[in-house]
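S.K.: Predicted model and sequence below, questions to follow.
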Amino acid sequence: MQLIIKTKNLDLTNSLENLVNKKMSGLEKFLKSKDSKVFVEIEKETKHHRKGDIFAAEVIIGAPGESLVARAHGEDLIRALVQAREQLEREIRKHKAKIVELPRRKYRKIKKEEL
């Protein structure tokens, strides 16, 4: 898994990069191909606000034939990253279920027609 990190209104420090790597490393077990690219964009939406959902995280996985996107906002950066990762995990599971279930449905339909 190749992780590409982009920041807006934030400096990409080593600790921030390590945090993103740590939080997104759990996605590897869900991805079939190890050469897929994961784009992570983290931003502080405004420089003058101090309260509320001022951090945003967006994670895009460029899978073959489809791209999965998750967006989250939070009061702090860690919460936004965790929410985006959880949302992406749900999308990956749903996508994999579709891939597995579609041939099963076709087979059931064919089998039902034969009877």
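M.R.: Structure received.
S.K.: so where's the protein uncertain?
M.R.: Scanning the chain with the threshold set as pLDDT under 70 gives 49, 63-64, 115.
S.K.: Bridge partners for E66, pull those for me.
M.R.: Beta-bridge partners of E66, counted by DSSP bridges, are A63.
S.K.: residue ranges of the helices in the chain, please?
M.R.: With helices called from DSSP state H, the chain shows them at 14-24, 77-114.
S.K.: K44: which of those helices is closest?
M.R.: Closest to K44 of those is helix 77-114 (CB to CB; 8.1 Å). In short, each C-beta sits where N, CA and C put it, glycine included.
S.K.: buried ones in that closest one?
M.R.: Buried residues in helix 77-114, counted by 16 or more other CB atoms under 10 Å: 77, 80-81, 83-85, 87-88, 91-92.
S.K.: can you list the residues you listed in TSV and add distance to E28?
M.R.: Below are the buried residues of helix 77-114 laid out as TSV (distance: CB to CB, whole Å):
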residue	distance to E28
L77	21
A80	21
L81	16
Q83	19
A84	16
R85	12
Q87	17
L88	12
E91	16
I92	11
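S.K.: Among those, which one sits closest to E45?
M.R.: A80 (10.4 Å).
S.K.: my read: that closest one touches A72, true?
M.R.: Yes: contact criterion CB atoms under 8 Å: A80 and A72 qualify, at 4.9 Å.
S.K.: Would you confirm that L12 contacts I5?
M.R.: Yes: L12 is in contact with I5 according to CB under 8 Å; the separation is 6.3 Å.
S.K.: who's more crowded, those two?
M.R.: Between L12 and I5, counted using other CB atoms under 10 Å, the more crowded position is I5 (15 against 12).
S.K.: residues contacting that one?
M.R.: Counting by CB atoms under 8 Å, 6 or more residues apart in numbering, I5 makes contact with 12, 17, 20, 40-42.
S.K.: I61: which of those residues is nearest?
M.R.: Nearest to I61 out of those is V40 (CB to CB; 10.0 Å).
S.K.: Contacts only, for that closest one.
M.R.: So V40 contacts 3-6, 20, 24, 57-59, 81 (CB under 8 Å, 6+ apart).
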